[in-house]
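Asks: okay, sequence plus prediction incoming.
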Amino acid sequence: MRDRRGKGSRKLVLVTSLGLALGVVGFAATAPEKLLDAEYARQRWLAGAEVTQFNVAGHRWSALEAGQGAGKPLVVLVHGFTGSKENWLPLMRELSKSYRVLAPDLPGWGESERQPGSDYGPVAQSERLATFLGALPEKPALLVGHSMGGQIVGLMAARHPGLVDRISLMSSAGVRYQENAFANAVLAGQNPFQVTSKAELKRYLGIVFMDPPFVPWPANEALVRRRRADAQFEQQVLDGIGRGPDAFALEEELANIRAHTLLLWCRDDRVIDVSAAEVFHRGLASSATVILAGCGHMPMMAQPRQVAGAIGDFLDARG
């Protein structure tokens, strides 16, 4: 009698588990974005980050905030082209131990507001960023910009020197560098970052990561859907940051940047060649350079501990 009940219980558990698994698969097939959002929620939990909102510069901004605590210096993180605030979560997990960290979606990107007909090129975004920083209750100890975000941070620092004393340009756009396949494609009018299919997503990850992460189904489907919906917007922005009249405005204004600057690159960056770091160094009044090995265009995701260490050393060394 006891054996029959045990078999019946095991059968019930098996049927229930199978039903739950089929339900998850069915849910994933119809709503992959919800599972991707759940993964982002898990990463926010690990980083101790929460979503917050701002209404600044005529836009609603969505941002991640972590590292609450009185007396902690504030570090603000600005994402790059096709990026979002979620790109910073691995680094936020490290930085939040010692700093308060704020990572916004730039207007037009991620969950922040995008307005039809508005200019989301680097100069316009640098002015919005200046307004955003001016609205914060305190001056950041450090403002970090990655890729396109570095171009925007640099322009902001050149034109609004009183808003920040220290910046970090990470794999930053905005200057001429040794030509590579990515640069040649951009100059030819292409978008090497375009993602409208799973094959293009795989190619994109191979460009930005030296060791591309595996993105399982249905997260890959959700990412493709989001990027496909943004394809026209991405092309318009890329025209401004890579080919338009503002593409190298930052290089021409480097001498106006008074903020002490951390230049942080990966040696194997296939997007913004590491030679750009030397261009920045020659043009800036005060800078320090850190070159990491074994990573590509996304150091804050590929090597968050090393990046956090470099940032900590840079801030500890201030005089």
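Replies: Yes, it's here.
Asks: tell me which element the residue lying closest to Met156 once chain neighbours are set aside falls in.
Replies: Residue nearest to Met156 in three dimensions, not counting chain neighbours: Ser126, with 4.2 Å by C-beta to C-beta, 6 or more residues apart in numbering. To be clear about C-beta, it is placed using only N, CA and C from the backbone, and glycine gets the same treatment. Assigned by DSSP states H and E, Ser126 belongs to helix 122-135.
Asks: in contact with the residue nearest to Met156, which residues?
Replies: Ser126 sits next to 152-153, 155-156, 159 when contact means C-beta atoms under 8 Å, 6 or more residues apart in numbering.
Asks: before we move on, back to that, give me the mean pLDDT for the helix holding Ser126.
Replies: Averaged over helix 122-135, pLDDT sits at 97.
Asks: stretch 138-150 now?
Replies: On average, stretch 138-150 scores 97.
Asks: try stretch 227-244
Replies: 90.
Asks: so which bits of that stretch are buried?
Replies: 227, 230, 234, 237-242, 244 (16 or more other C-beta atoms under 10 Å).
Asks: follow-up on the earlier one: of the contacts of Ser126, which is the most crowded?
Replies: Neighbour counts for the contacts of Ser126, by other C-beta atoms under 10 Å, peak at Val153, which reaches 33 neighbours.
Asks: what about the host helix or strand of Phe182, distance to the chain center?
Replies: Using DSSP H and E, Phe182 maps to helix 181-187. Relative to its chain's centre, helix 181-187 lies at 21 Å (C-alpha atoms, centre = their mean, to the nearest Å).
Asks: and the next element down the chain from it?
Replies: helix 198-208.
Asks: buried stuff in that next one?
Replies: 200-201, 204-205, 207-208.
Asks: buried residues, the next helix or strand after it. List them.
Replies: Proceeding C-terminally, helix 198-208 gives way to helix 219-229 as the next helix or strand, assigned by DSSP H and E. Residues of helix 219-229 classed as buried by neighbour count (16+ other C-beta under 10 Å): 219-225, 227.
Asks: dump the residue contacts of the residue nearest the centre of the chain.
Replies: For the chain, the residue nearest the mean C-alpha position is His79 (3.4 Å; C-alpha atoms, centre = their mean). With contact taken as C-beta under 8 Å, 6+ apart, His79 is in contact with 85, 87-88, 103, 105-106, 109-110, 146-149.
Asks: out of the residues you listed, which is most surrounded?
Replies: Busiest of those [other C-beta under 10 Å] is His146, holding 31 neighbours.
Asks: distance check, Leu143 against Ala130.
Replies: The spacing between Leu143 and Ala130, counted by C-beta to C-beta, to the nearest Å, is 11 Å.
Asks: find residues that contact each of those two.
Replies: Common neighbours of Leu143 and Ala130 (criterion: C-beta under 8 Å, 6+ apart): Met156.
Asks: ok, these two, which is more surrounded?
Replies: Higher neighbour count among Leu143 and Ala130: Leu143, with 27 against 20, using other C-beta under 10 Å.
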